[in-house]
Structure formats: C-alpha cells, structure tokens
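Asks: sharing a sequence plus its predicted fold:
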Amino acid sequence: MSKTPAPKLAPGDLLFAAIGEEDNLISAVVEGHRGARLNHVGIVVERDGVLGVLEAIDPVVTVTSLADYASRSFCTANRPRILFARLKSQHRHLLPDALAHGLGQVGVPYDNYYGPGKEALYCSELILDMFCHANGGQMFFPNTPLSFRDTQTGALLPDWVTHYAEVGQDVPEGAPGSHPAGLSQDPRIEVYHLLGDIPGVQSAATEKEKASLVR
C-alpha cells in the first residue's frame, strides 16, 4: 500500500498527542486512529505569522509553541507520538470562524472533571465547541458518551473512581462528552502520522513505523 505524503502543517490542523506515559487514565479508556494511544489534542493556529498550538491544558486554554507541544508528546519508547489531521476539503470553510472563536477562549480554565459547561474546557471539548460555533451553533463533531473503563477489560478504572470521589461525585460514565482518541477516528478528517517533523523534535521511528499509521 502506498503511503500518502503528509502535507505541511497549516492553521486548523489538529495535533493528537500522547503526553506522559503511553498508557494512562485518559489513553486507557478510548482507542484512537488505528488503535493509537492518545490522550490530548490541540489545533494549529497562526499569530503574527508564527504557527502555534491552541490547546486546553491545565491550568487554562493557551497557545503553545510547536516545539513545546511536541516536547511533551512522547510515549514510553521515548519517541514523539503525534498524529496530525486535516479537515477534509468540503468542511474547511468552517475554519476561519472556528479558529477565531477558539482564540477567544484563551484563559478559560481547564476542566479536570469533563463537565458539560463552557465555564471550563478540556482539550477535545474545546475543539468541539469551536466547530459547533462555526457551524451555526449545531454540533459538527458529535458528542460521544464518556467512558472511564479499560478498553481491554471493560472494568471501571479505580483511579477514576478516586478522582471523582475527591470532589464528592460519581464517575460520569456514559454522560455526553468527547475524547481526543475518539475524535481522531472521525470521518470528517484525514489523519497523518507525524514523527520528528516538528521543529526541535528528533525521531528514531523507522519508515515502517511511520507508514503504519498513515492513511
């Protein structure tokens, strides 16, 4: 199978990442594109002629440099794990309004408990909110039920129970929400595997590894 060449990054591209350990509380509950372990997503923006990444990450929504974003995105094999996705051409008219709205959310607190309100946002929720706004208030990327169960065993992960118990809440299993890994499988986007192509990032990935996650 031939490998689709990855285009250069541009405003509106989604950057899916694995931050910290490859298997953690977020990546363990939803599988990403072709089974990739992912726990974060940001979107490329341009300010003053420089590309950066708009992201909802503790403590607030912020714009991060590409190099800093990539430096956090390593799996346990100590290689950057980043998938980047581009909205398919028939939907790209949404990008100007989506990006303007997203930049207007800079400074909004990060939501550690994945609630439905807009007074705090988590990473994939920011993306859904941006495109909902650009789509005239109608959901573009759909909400999906939140899951806090191990993808392998189906068991509710005890650390999630503890996390919510600290604030006197039950785990909101099945509540409307989103997940970066789930978003990476959306048919409205074209996904590419990017290893080592962001400034400041080096990759030891083989060509076979690179090709395995490209469609």
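Replies: That came through, no problem.
Asks: check the secondary structure at residue 96 for me.
Replies: Three-state assignment for residue 96 (DSSP: H, G, I helix; E, B strand; the rest coil): helix.
Asks: what is the burial count for it?
Replies: 12 (other Cβ atoms under 10 Å). From N, CA and C alone the C-beta is placed, and that goes for glycine too.
Asks: and it, what does it touch?
Replies: Residue 96 is in contact with residue 134, counting by Cβ atoms under 8 Å, 6 or more residues apart in numbering.
Asks: and it, how far from residue 186?
Replies: 20 Å (Cβ to Cβ, to the nearest Å).
Asks: same thing with residue 39?
Replies: For residue 39 relative to residue 186 (Cβ to Cβ), the value is 17 Å.
Asks: those two: which is more packed in?
Replies: More crowded of residue 39 and residue 186, by other Cβ under 10 Å: residue 39, with 26 against 17.
Asks: can I assume the more buried one is in contact with residue 184?
Replies: No - counting by Cβ atoms under 8 Å, residue 39 does not reach residue 184; the two are 11.0 Å apart.
Asks: which strand residues bridge the residue nearest in space to the middle of the chain?
Replies: Nearest to the geometric centre of the chain sits residue 41, at 1.8 Å (Cα atoms, centre = their mean). Going by DSSP bridges, residue 41 is paired in beta bridges with residue 16.
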